[in-house]
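Student: sequence and predicted structure below; questions after.
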Amino acid sequence: MLPDVEKLLQLQVADQEIRRLHEEVAELPKRIAAIEQKLAGTKAQLEKARAAAKADEANRKKFETVIQDLQGKISKYRDQSLEVKTNEQYRALLHEIEFAQQEIRINEDRILEVMINAEGREKQVKAAETELKAETAEIEREKEEARRVTAEDQTKLTEWNAKRDGLRREISEDVLRRYDRVLKFRGSGLAEVRDHKCMGCQVMLRPQIYNEVRNGEQLVYCDSCQRILYFDPTHEPPPQPVAEPVHLKRRPRPKPDAAQAWFYRPDYGEFGEVLLVFTNAEGTASRCIYDMHSGRQLGDQLNREGNYRQAFPEAFTDTAVRLNGFWEEEEMVEWAAEMPSAALDVLHNDLRAAQREHGRTHKERPATAAEQSVASG
Ligand SMILES: [Zn+2]
């Protein structure tokens with residue numbers, strides 16, 4: 001990894017931490033404001049309950065005064081009744097007394113009602129007072145906590161800012177400019193490459209870019225998001241365990257009586273390494289020769305009577321290797337003068353497998369347990 005990129009990785013950590021601390025510091029006053037708002041709500045409730053209690057008290061006093069006045073009137077009427085001359089006047093006074101007594105009863109009922117209400121009001125006031133006390137204590141605790149965290153955060157911020165400034169001094173200017181610009185628009189200036197992908201924007205990288213990042217010899221940017229790319233080998237998934245090592249795979253045996261048979265010859269006269277294909281069809285055998293490496297057909301197809309073993313005995317020397325491979329006649333006609341690379345690969349791979357197998361059987365060592373289980377399975 002380039003030293004600049006290593007420093008950028010540390011710078012990224014510092015930048016992220018500084019941002020987190022700033023956010024935390026900004027968050028605390030908001031939390032306190034929310035609690036204070038709740039506190040103001042509780043205070044208002046308490047004020048309302050207290051005001052209601054006060055109004056009840058005033059009403060009770062007012063009703064008591066009314067009753068006193070009425071009682072005064074009654075005693076006055078009683079005095080007057082001693083001095084009246086006519087029955088009519090007397091009845092009128094009795095009527096007034098009766099009316100005043102009735103008014104007294106109404107006001108007494110009102111006082112009773114107020115007193116019953118007052119019990120409820122008192123409970124409301126008490127509850128609001130308790131709540132206010134608890135909330136006030138809580139807000140004090142929160143404020144204290146906020147002060148403590150903020151002080152801690154400020155210390156950390158100072159440390160991180162110093163670390164950040166130090167790192168920035170060690171990184172070349174144009175790299176920093178690039179990092180800052182992408183950071184501003186995308187929230188991060190660096191992106192890890194994993195599994196051939198930019199983890200910043202999830203876009204697959206071109207193989208050349210991927211290799212450049214892996215090599216870590218130059219600064220590489222993501223074509224799609226412009227982030228500076230880096231590769232961390234410890235994050236690569238471990239290589240898939242090979243269930244069965246290739247060299248232990250048993251190669252299928254070519255069928256001796258197949259109508260089409262492929263052979264490899266390393267020494268075919270002037271052509272050198274070749275692939276031969278023989279076909280038996282209706283009493284006639286045919287032979288085609290292909291260049292081992294290019295797959296180009298060498299010479300024309302040759303037909304002889306009988307099956308190919310009898311018809312072309314000169315082909316089957318000790319060096320000839322029988323290969324696995326089969327293609328339909330129509331398909332091979334389409335190949336024309338050159339077999340496709342896919343077919344060539346099949347034959348090449350089978351030849352390698354045959355050679356490995358041959359090498360193993362000729363070493364005459366005891367087969368391992370794994371080999372035996374593969375062979376029997
Ligand atoms: Zn990207």
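Tutor: Received it, and whenever you're ready, just let me know what you need. What you see is a predicted model; the values in this text were computed from it and never measured.
Student: quick check: mean pLDDT of stretch 159-179?
Tutor: Taken as a whole, stretch 159-179 has a mean pLDDT of 95.
Student: with stretch 231-244 instead?
Tutor: 74.
Student: with stretch 187-199 instead?
Tutor: Taken as a whole, stretch 187-199 has an average pLDDT of 93.
Student: what parts of the chain come near the ion?
Tutor: Neighbours of the ion within the chain, by CB under 5 Å from the ion: Cys198, Gly200, Cys201, Cys222, Ser224, Cys225. Every residue, glycine included, has its C-beta placed from N, CA and C.
Student: ok, and the closest non-adjacent residue to the residue minimising distance to the centre of the chain?
Tutor: The residue lying closest to the centre of the chain (CA atoms, centre = their mean) is Met199, at 11.6 Å. Setting aside the residues directly before and after it, Met199 is nearest to Glu192 in space (CB to CB, 6 or more residues apart in numbering), at 4.7 Å.
Student: any chance of the residues of the chain next to the ion in a markdown table, plus secondary structure and neighbour count?
Tutor: Shown next, in a markdown table, are the residues of the chain next to the ion (DSSP: H, G, I helix; E, B strand; the rest coil; neighbours: other CB atoms under 10 Å):
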| residue | secondary structure | neighbour count |
| --- | --- | --- |
| Cys198 | strand | 23 |
| Gly200 | coil | 22 |
| Cys201 | coil | 14 |
| Cys222 | coil | 22 |
| Ser224 | coil | 13 |
| Cys225 | coil | 17 |
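Student: the residue nearest to the centre of the chain reaches Val193, doesn't it?
Tutor: Yes - judged on CB atoms under 8 Å, Met199 makes contact with Val193 at a distance of 7.0 Å.
Student: doesn't Glu98 belong to a helix?
Tutor: Yes - under DSSP: H, G, I helix; E, B strand; the rest coil, Glu98 sits within a helix.
Student: what's the local residue count around it?
Tutor: Other residues lying near Glu98 total 12 when counted by other CB atoms under 10 Å.
Student: for it, list the residues it contacts.
Tutor: For Glu98, no contacting residues are found, by CB atoms under 8 Å, 6 or more residues apart in numbering.
Student: hang on, the earlier thing: Pro239 versus the residue nearest to the centre of the chain, what's the distance?
Tutor: 20 Å (CB to CB, to the nearest Å).
Student: run a quick neighbour tally on the residue nearest to Met199.
Tutor: Neighbours of Glu192 (other CB under 10 Å): 16.
Student: for it, helix, strand, or coil?
Tutor: Reduced to three states by three-state DSSP, Glu192 is strand.
Student: cool, the one 10 residues further on as well?
Tutor: What three-state DSSP gives for Gln202 is coil.
Student: how close does it get to Pro313?
Tutor: 63 Å.
Student: where does the protein have low pLDDT?
Tutor: Within the chain, the stretches with pLDDT under 70 are 240-249, 360-377.
Student: for it, what spans make up the strands?
Tutor: 190-194, 197-198, 228-231, 260-268, 272-281, 284-291, 297-305, 321-323 (DSSP state E).
Student: before we move on, back to that, what about the residue nearest to Met199, distance to Lys62?
Tutor: From Glu192 across to Lys62, the span is 81 Å (CB to CB).
Student: equivalent analysis for Leu190, please.
Tutor: Leu190 is 79 Å from Lys62, by CB to CB.
Student: which one of these two is surrounded by more residues?
Tutor: Leu190 (20 against 14).
Student: contacting residues around that one?
Tutor: Applying CB under 8 Å, 6+ apart, the residues near Leu190 are Val5, Leu8, Leu9, Gln12, Tyr179, Gly200, Arg227, Ile228, Leu229, Tyr230.
Student: which residue is the nearest non-sequential neighbour of the residue in the stretch 51-200 of the chain positioned nearest to the ion?
Tutor: Across the stretch 51-200 of the chain, no residue is closer to the ion than Cys198, which sits at 3.2 Å (CB to the ion). Of all residues beyond its chain neighbours, the one nearest Cys198 is Cys222 (4.3 Å), with distances taken as CB to CB, 6+ apart.
Student: need the contacts of Leu190 in TSV (columns: distance to Lys255).
Tutor: Shown next, in TSV, are these (distance: CB to CB, whole Å):
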residue	distance to Lys255
Val5	58
Leu8	62
Leu9	60
Gln12	63
Tyr179	65
Gly200	55
Arg227	57
Ile228	59
Leu229	53
Tyr230	54
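Student: do a quick rundown of the helices in the stretch 1-150 of the chain.
Tutor: Applying DSSP state H, counting those that start in this stretch to the stretch 1-150 of the chain gives helices spanning 3-81, 87-170.
Student: make TSV out of these and add distance to Asp350.
Tutor: Putting the helices of the stretch 1-150 of the chain into TSV (distance: least, CB to CB, whole Å) gives the following:
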stretch	distance to Asp350
helix 3-81	46
helix 87-170	57
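Student: among these, which is nearest His348?
Tutor: helix 3-81 (41.4 Å; CB to CB).
Student: and that closest one, what does it pack against?
Tutor: If you count contacts as 3 or more CB pairs under 8 Å, 6 or more residues apart in numbering; DSSP states H and E, helix 3-81 packs onto helix 87-170, helix 173-186, strand 190-194, strand 228-231.
Student: out of the ones you listed, which one sits most buried?
Tutor: Of all those, strand 228-231 has the most neighbours on average by mean count of other CB atoms under 10 Å, namely a mean of 22.
Student: pull the residues that contact that one.
Tutor: 1, 5, 8-9, 175, 178-179, 182, 189-193, 198, 205, 209, 213-214, 216, 219-222.
Student: try stretch 305-313
Tutor: Contacts of stretch 305-313 (CB under 8 Å, 6+ apart): 261, 278-280, 283-287, 302, 304, 315-316.
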